[in-house]
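> no sequence for this one, just the structure:
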Ligand SMILES: [Zn+2]
């Protein structure tokens, strides 16, 4: 017997559909108890083979890297453009595959690792191009971005409370960061400091302060919780 509304199979004697709660009606069959048409216990879906997937993903990153490298070597006789491709693939691998080799990847460890790898990649690009922008631009920007991101992730992970303060502080830090970015650009390229960074600074500062005000003001937080299910 099947539910008239949703079509799920019903055990004999069922008065209501277990899925959609529609009343079961069948004039010919008197109510009686019978065998259950579906199991009480639903076994969890079979766990997918983590290491197999990771090996496949590793090859998906490795094969294009090797092919690019070999083609570059054959055409240019040296490593030229393939360095960027291999570096980019390595970065993608570090970001999206490497952490999952571990059972419980800790972002507090993997974010700095990715930051260091990204910085090295920028150093490579800078050296390969003969540009002098690594020490005064790329290094401080990637370093500070990594520090801010790691701090936020670590605080959110290890502090049970006060996330609004963390996010508020992070926005204020991003505001200060935008001014530093303009400063680094001016130092590196000798351009004039025109305070374009004041716009992102003020925007980030206002968002950060708003979050902190919400965190401090309990009634406001409660009403926002109710309204937006935060
Ligand atoms: Zn139903």
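Now that the structure is in, tell me what you want to look at. Quantities reported herein were computed from a predicted structural model and do not represent experimental measurements.
> Show residues contacting stretch 169-180.
Stretch 169-180 has contacts (Cβ atoms under 8 Å, 6 or more residues apart in numbering) with 140-141, 144-145, 148, 151-152, 197-198, 200-205, 207-209, 211-212. Where C-beta positions appear, they are placed from N, C-alpha and C, glycine not excepted.
> tell me the domain ranges of the protein?
1-43, 134-218 (automatic domain parsing).
> Check the ones you listed for me: which has the lowest mean pLDDT.
Set side by side, those give their lowest mean pLDDT on domain 1-43, at a mean of 76.
> distance between the ends of that one?
24 Å (Cα to Cα, to the nearest Å).
> for stretch 75-91, same thing?
Start and end residues of stretch 75-91 are separated by 25 Å (Cα to Cα).
> in that stretch, what counts as buried?
Neighbour counts over stretch 75-91 (16 or more other Cβ atoms under 10 Å) mark 82-87, 89-90 as buried.
> Export those as a markdown table, with columns for pLDDT.
Formatted as a markdown table, the buried residues of stretch 75-91 follow (pLDDT from 0 to 100):
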| residue | pLDDT |
| --- | --- |
| 82 | 91 |
| 83 | 91 |
| 84 | 93 |
| 85 | 93 |
| 86 | 95 |
| 87 | 94 |
| 89 | 96 |
| 90 | 96 |
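> Which of those sits closest to the ion?
residue 89 (50.4 Å; Cβ to the ion).
> Surely that closest one touches residue 61?
Yes. Counting by Cβ atoms under 8 Å, residue 89 does reach residue 61; the two are 5.2 Å apart.
> okay, the domains of the chain, which one's buried deepest?
Comparing those by mean neighbour count (mean count of other Cβ atoms under 10 Å), domain 134-218 ranks first with a mean of 16.
> first vs last residue of that one, how far apart are they?
OK, domain 134-218 end separation, Cα to Cα: 46 Å.
> for the record, mean pLDDT for stretch 60-79?
92.
> chain center to that stretch, what's the gap?
Between the centre of stretch 60-79 and the centre of its host chain there is 30 Å, according to Cα atoms, centre = their mean, to the nearest Å.
> List the buried residues in that stretch.
61, 65, 68, 72.
> Contacts for it next, please.
So stretch 60-79 is contacted by 80-83, 85-86, 89-90, 92-93, 97 (Cβ under 8 Å, 6+ apart).
> Which one of the domains of the chain lies nearest to the ion?
Nearest to the ion, of the domains of the chain and by Cβ to the ion, is domain 1-43 at 3.1 Å.
> re earlier: next, format the domains of the chain as a markdown table and append distance to residue 103.
Listed next are the domains of the chain as a markdown table, based on distance: least, Cβ to Cβ, whole Å:
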| stretch | distance to residue 103 |
| --- | --- |
| domain 1-43 | 22 |
| domain 134-218 | 16 |
